[in-house]
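*Asks:* I'll drop the sequence and a predicted model, then ask my questions.
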Amino acid sequence: MSSPRLTAPRTGSSTTPTTRRTAAAATNARPGRRSSPGTPTAGAGTPVALGTTLAGPSGETAATPTSYTLVNRNSGKCLDLSGGNTADGTNVFQWTCNGGANQKWKVEDLADDTNRLVNVATGKVLDTADCSSADGADLRQWSWLNNKCQRYRLVYAATGDYVRIVNENSGKVADVANCGTANGTDVRQWTWLNNNYQKGRLVPTT
């Protein structure tokens with residue numbers, strides 16, 4: 001499994017160098033918690049990228065995060081694919097987190113500073129409708145077409161555990177419509193406003 005490509009913000013710019021979370025952050029810290037860089041300990045080795053398969057002790061099964069839920073900072077609800085429907089064009093919205101496969105997403109590094117978000121229930125990807133660059137354009141699922149409308153950067157906030165999901169084509173972010181907290185509130189793209197409803201936390205799932 002490819003590891004997510006995570007980007008740390010640079011002051012005054014949304015185009016930034018790439019950083020990676022360590023496997024230890026996904027397995028030893030609280031869900032979604034990043035390890036502090038701190039000062040390396042001599043002889044401690046080199047951190048590995050999130051998603052790297054780690055050999056278990058004494059031949060035990062290796063541990064690799066397989067998917068994530070994306071939990072909105074404002075509402076505490078999960079990015080959800082409506083009904084787990086497999087059709088192209090199926091809408092995504094927020095819903096109470098319930099552990100369903102339609103709320104789990106594989107974050108696959110595309111090796112160009114972007115990721116695709118693959119729904120576990122359907123195998124299809126998060127997509128901006130009609131490759132629109134307009135505020136309010138819907139986010140949905142679609143078959144993988146390998147275009148910029150389906151590629152996203154996960155950009156960490158300057159502080160805390162939260163990321164914004166930035167579309168490669170439009171430069172706009174995943175946004176919960178009208179700062180809603182209700183189940184079924186639409187998720188769309190919008191200009192970055194640095195609001196909590198545009199921020200989410202990646203929580204590893206099993």
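*Replies:* Everything's here; your move.
*Asks:* Can I get whichever strand or helix holds residue 117 in PDB? Just the C-alpha atoms.
*Replies:* Using DSSP states H and E, residue 117 maps to strand 115-119. Output in PDB follows, covering the C-alpha atoms of strand 115-119 (Å, rounded to 0.1, in the frame of the first residue of the first chain):
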ATOM      1  CA  ASN A 115      -2.700  11.500  -3.600                       C
ATOM      2  CA  ARG A 116      -5.900   9.800  -4.700                       C
ATOM      3  CA  LEU A 117      -8.600   9.000  -2.100                       C
ATOM      4  CA  VAL A 118     -10.000   5.500  -2.800                       C
ATOM      5  CA  ASN A 119     -13.300   4.500  -1.200                       C
END
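*Asks:* Check which element follows it along the chain.
*Replies:* Downstream of strand 115-119, the next assigned helix or strand under DSSP H and E is strand 125-128.
*Asks:* helices and strands around that following strand, which ones?
*Replies:* strand 115-119, strand 139-142 (3 or more CB pairs under 8 Å, 6 or more residues apart in numbering; DSSP states H and E). Placement of C-beta: from N, CA and C, glycine included.
*Asks:* try 6 Å this time
*Replies:* Helices and strands touching strand 125-128, by 3 or more CB pairs under 6 Å, 6 or more residues apart in numbering; DSSP states H and E, are strand 115-119.
*Asks:* Would you map the helices across this structure?
*Replies:* For the chain, the helices defined by DSSP state H cover 23-27.
*Asks:* Okay, now the unreliable bits of it?
*Replies:* By pLDDT under 70, the low-scoring segments of the chain are 1-65, 159.
*Asks:* Surely residue 108 touches residue 119?
*Replies:* No: between residue 108 and residue 119 there is no contact under CB atoms under 6 Å: 11.6 Å.
*Asks:* neighbour count winner among the two?
*Replies:* Between residue 108 and residue 119, residue 119 has the larger neighbour count (other CB atoms under 10 Å), namely 24 against 19.
*Asks:* Count the residues that sit near the residue lying closest to that one once chain neighbours are set aside.
*Replies:* Nearest non-adjacent residue to residue 119, counting by CB to CB, 6 or more residues apart in numbering: residue 81, 5.1 Å away. Residue 81: 26 surrounding residues under other CB under 10 Å.
*Asks:* returning to what we had before: so what does the strand holding residue 117 touch, helix or strand wise?
*Replies:* Using 3+ CB pairs under 6 Å, 6+ apart: strand 115-119 touches strand 105-109, strand 125-128.
*Asks:* of these, which approaches residue 143 most closely?
*Replies:* strand 125-128 (7.6 Å; CB to CB).
*Asks:* contact partners of that closest one?
*Replies:* 116, 117, 118, 137, 140, 142, 144, 149, 150, 167, 189 (CB atoms under 6 Å, 6 or more residues apart in numbering).
*Asks:* How about stretch 196-206?
*Replies:* Counting contacts by CB under 6 Å, 6+ apart, the residues outside stretch 196-206 that touch it are 26, 31-32, 65, 67-74, 104, 161-162, 164, 173, 175-176, 179.
*Asks:* List only buried entries from these.
*Replies:* The neighbour-count test (16 or more other CB atoms under 10 Å) marks 26, 32, 65, 67-74, 104, 161-162, 164, 173, 175-176 as buried among the contacts of stretch 196-206.
*Asks:* So which of the residues you listed belong to strands?
*Replies:* In strands, defined here by DSSP state E, the members of the buried ones among the contacts of stretch 196-206 are 67, 68, 69, 70, 71, 72, 164, 173, 175, 176.
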